[in-house]
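*Asks:* For reference, the sequence and a predicted model appear below.
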Amino acid sequence: MNATSALPQHDPRRWPVSLDLLCIDTLRTLAIDQVQRANSGHPGTPMGAAPTAYCLWQRFLRFDPEDAAWPDRDRFVLSVGHASALLYGLLHLCGVKAATSLDSSREGLAVTMADLQGFRQAGSRCTGHPEHGWTTGVETTTGPLGQGVATSVGMAIAEAWLAATYNRPGFTLFDHRVFALAGDGDMMEGVSAEAASLAGHLKLSRLCWIYDSNHISIEGSTAIAFTEAVGARFAACGWQVLRVADANDIEATAHCLRTFEATRDRPTLIVVHSRIGYGAPHKQDSAAAHGEPLGIEETRGAKAFYGFDPAADFAVPDGVREHLKAHFGQRGTDAHAAWRSHFAAYRAHYPDLADQIDRMQRRELPPQWDSGLPRFDADAKGLATRDASGQVLNAIAAQVPWLLGGAADLAPSTKTALTFDFAGTFEPPACDGIAPGVNPVGPAGRNVHFGIREHAMCAVASGMALSGLRPFAASFFVFTDYCRGAIRLAAMMGLPVIYVWTHDSIAMGEDGPTHQPVEQLAALRAMPGMVVLRPADANEVTEAWRVLMQLRDCPASLVLSRQALPTLDRSRYAGAAGVARGAYVLADAADGRPEVLLLASGSEVALCIAAYEQLLREGIKARVVSMPSWDLFERQDAAYREQVLPEAVTARVSVEAASPLGWDRYVGRHGEIIAMRRFGLSAPGPVALAHFGFDVAHVLAAARRQLDRHGPKAPA
């Protein structure tokens, strides 16, 4: 049977069309028209999934169209981001406003008709895939499959933590649901499996994934590559699994959503079977409906099937907006008004807690948050920057109640465990096998055990940040390769997630090249919006944390050593406050007119200091520049950059146990770069470093070659 003959014979002149069906078909035709006008996009999934999304929004979602930033709103994540035209149609028809309580600068609708008509065009709020921060109502940026559902787990963790931390008898401030609409591609991606496993373990009962299963991907039927029993996998992970045989049966979908609402001991997966391109005369149930416009004739045929005028584009029949306003809109407006009244009474009873909630929403810090930051005495033996970071993190977290997170099963190694008495562990209220002790177990705990799930961990951290928390996520630096998709989206969204990456170079030693990062620093430095900080000693670690905690619109990667580094004598060398400017003069010629510049970050700064002292004894005027953050240094004005790296001094050496990529920006074409140009070596750390030339002798030799080549050229 071909697709045309399989279609039901829908003739609106014979059967009355309900307002529900009229709204659903309006969403379908708006999606078709957006893609057709742009000559680019994905019409098929919106056509098949429109009834599911409509049922959720119209009958269940608590979302105030007047304020899309309301803290206790339900979250809707379109994980199947290529179906963005469906979300834009919902935002437009539901009258969601652009301005929110957190950003009152915008005017009008979040998505106007002009935006729909400009789908995928420059300036339109209807981008190819949903972009958080650009389009009001988009809860997270999606597109790379699996990211949306994984991020939704972080939102559900945040809901559970907020409820356990701030709800009080008679005051239920946080009890929202998190919904994610996913597709076949989401189910295939590994990050979704990681996230589903974690969500099932944590019993996140306010989390519902809706799996729009249409069995079509770009290459054709999913049967060519994907035949697993998805429901059985989720059941094995501890999820409740429900099924809807036909996406057009919104009553069946509503029944499943009510079942989810009543379930309080596990997350829910609703598998909804749909037909991609539903209503298209020749492209329904085919890959041709997935990633390209239907074409003029197919568009006309689909509109006729829905009972719409085939010649009318972007049509919104009378009654559609009003029907959505009367249900979706009124429910959200009423719920938000009740919450505001509730919160006002809560503020009167618990002013300190209310102040914390306010600060979280505005991404502000509490007063005196940095009052307990440690200072470290000069010590030739020193300590690993990961150890210093653990001390600083605990000092800050004790003052910032909404700073929480963990590692991918590596907290003892990354030194990211919160050890103060009231830190606790985030787990379900009754977690089998973990007995409460000094650190209690429960959803108000602040140590999150992500398990060996690096990719999901970073996506989850993004979801937590999107809910107002200040999350940190930690692992070995080399494993950023496992996390990159989620990290990239965090940078794109400007989320202040804190990443703690340890074991930052070949100095980690015997584990060998599989665990020794080489190219990762260059990769993160290349990422727009990511602030990378690689501190040289314990006091630079303190200042790095001071910087990153004050970031509000970008993530930060703190890159730390496993091995002990000397704690520099700040009475002899410059103070570590220069970290805030990305690079600073750590040691200089007595007259401030150096002949050679020695540049480094992290552990290699100590090598440059040792070389500097030797050159000083030889009567050579050197300058050591510590460069913990290229990103912050590039934000400084030209005068400061010239002050640190005077153009007249062309004899330059950089030292970093990582890829040389990018250092030519600072040493010039004829400077010398001591760096890694191959993968590492399985050997004790000092042996590996010496093998690749990371010792004082090589730094001195490079400095002397530079002086021979360029001659002493001090600034006037």
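*Replies:* Looks like it arrived, so ask away.
*Asks:* going forward, measure contacts between C-alpha atoms and count neighbours the same way
*Replies:* Fine.
*Asks:* where are the low-confidence patches of this structure?
*Replies:* Within the chain, the ranges that satisfy pLDDT under 70 run 1-17, 430-441, 712-716.
*Asks:* Which residue ranges of the stretch 551-700 of the chain form strands?
*Replies:* Applying DSSP state E, counting those that start in this stretch to the stretch 551-700 of the chain gives strands spanning 556-559, 564-567, 584-587, 596-600, 622-626, 652-655, 672-674.
*Asks:* how about those strands, which one is nearest residue 537?
*Replies:* Nearest to residue 537, of all the strands of the stretch 551-700 of the chain, is strand 564-567, at 5.4 Å by Cα to Cα.
*Asks:* can you redo the strands of the stretch 551-700 of the chain as TSV with distance to residue 77 and mean neighbour count?
*Replies:* Putting these into TSV (distance: least, Cα to Cα, whole Å; neighbours: other Cα atoms under 10 Å) gives the following:
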stretch	distance to residue 77	mean neighbour count
strand 556-559	24	26
strand 564-567	44	20
strand 584-587	43	22
strand 596-600	43	28
strand 622-626	42	28
strand 652-655	44	28
strand 672-674	46	22
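*Asks:* wait, which of those strands is closest to residue 550?
*Replies:* Of all the strands of the stretch 551-700 of the chain, strand 556-559 sits nearest to residue 550, with 10.5 Å by Cα to Cα.
*Asks:* on that earlier part again, now distance to residue 197 too, for the strands of the stretch 551-700 of the chain, in CSV please.
*Replies:* Formatted as CSV, these follow (distance: least, Cα to Cα, whole Å):
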stretch, distance to residue 197
strand 556-559, 26
strand 564-567, 36
strand 584-587, 45
strand 596-600, 41
strand 622-626, 43
strand 652-655, 42
strand 672-674, 43
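*Asks:* what about residue 258, how many residues close to it?
*Replies:* Number of residues near residue 258 (other Cα atoms under 10 Å) recorded here: 12.
*Asks:* should've said residue 302
*Replies:* The burial count for residue 302: 26, using other Cα under 10 Å.
*Asks:* Please determine how far residue 230 is located from residue 660.
*Replies:* 45 Å (Cα to Cα, to the nearest Å).
*Asks:* check contacts around residue 353.
*Replies:* Contacts here follow Cα atoms under 8 Å, 6 or more residues apart in numbering; on that basis residue 353 touches 166, 347.
*Asks:* can you tell which of the strands of the stretch 551-700 of the chain is closest to residue 428?
*Replies:* Of all the strands of the stretch 551-700 of the chain, strand 556-559 sits nearest to residue 428, with 29.2 Å by Cα to Cα.
*Asks:* what distance separates that closest one from the centre of its chain?
*Replies:* In terms of Cα atoms, centre = their mean, to the nearest Å, the centre of strand 556-559 is set 14 Å apart from its chain centre.
*Asks:* can you pull the contacts of residue 478?
*Replies:* So residue 478 contacts 503-504, 515-518, 520 (Cα under 8 Å, 6+ apart).
*Asks:* Buried only: go through these for me.
*Replies:* Taking 16 or more other Cα atoms under 10 Å as the criterion, what is buried in the contacts of residue 478 is 503-504, 515-518, 520.
*Asks:* From these, pick the one nearest residue 92.
*Replies:* Out of the buried ones among the contacts of residue 478, the member with the shortest distance to residue 92 (by Cα to Cα) is residue 520, at 41.7 Å.
*Asks:* From residue 127, how far off is residue 653?
*Replies:* Relative to residue 127, and taking Cα to Cα, residue 653 is found at 45 Å.
*Asks:* How about residue 404?
*Replies:* 33 Å.
*Asks:* These two: which is more packed in?
*Replies:* residue 404 (26 against 20).
*Asks:* I'd guess the more buried one is in a strand, am I close?
*Replies:* Yes. Using DSSP: H, G, I helix; E, B strand; the rest coil, the assignment for residue 404 is a strand.
*Asks:* Who are the contact partners of it?
*Replies:* Residue 404 neighbours (Cα under 8 Å, 6+ apart): 397, 446-448, 469-472.
*Asks:* Residue 378 against residue 569, yeah?
*Replies:* Yes. Between residue 378 and residue 569 there is a contact under Cα atoms under 8 Å: 4.6 Å.
*Asks:* With neighbour numbers in mind, choose between these two.
*Replies:* residue 378 (17 against 14).
*Asks:* could you pull out the helices for the stretch 501-650 of the chain?
*Replies:* Assigned by DSSP state H, counting those that start in this stretch, the helices in the stretch 501-650 of the chain fall at 520-525, 538-549, 604-617, 630-634, 638-644.
*Asks:* Please report the number of neighbouring residues for residue 61.
*Replies:* Around residue 61 there are 23 residues (other Cα under 10 Å).
*Asks:* Over to residue 677?
*Replies:* Neighbours around residue 677, by other Cα under 10 Å: 14.
*Asks:* what does residue 710 give?
*Replies:* 17.
*Asks:* separation between it and residue 697?
*Replies:* 20 Å.
*Asks:* repeat for residue 277
*Replies:* The value you get for residue 277 to residue 697, if Cα to Cα is used, is 68 Å.
*Asks:* Of those two, which one has the most company?
*Replies:* Between residue 277 and residue 697, counted using other Cα under 10 Å, residue 277 has the larger neighbour count: 29 against 14.
*Asks:* What residue, apart from its backbone neighbours, is nearest the more buried one spatially?
*Replies:* residue 44 (3.9 Å; Cα to Cα, 6 or more residues apart in numbering).
*Asks:* Same question for residue 377.
*Replies:* Closest to residue 377 by Cα to Cα, 6+ apart is residue 567, at 6.9 Å.
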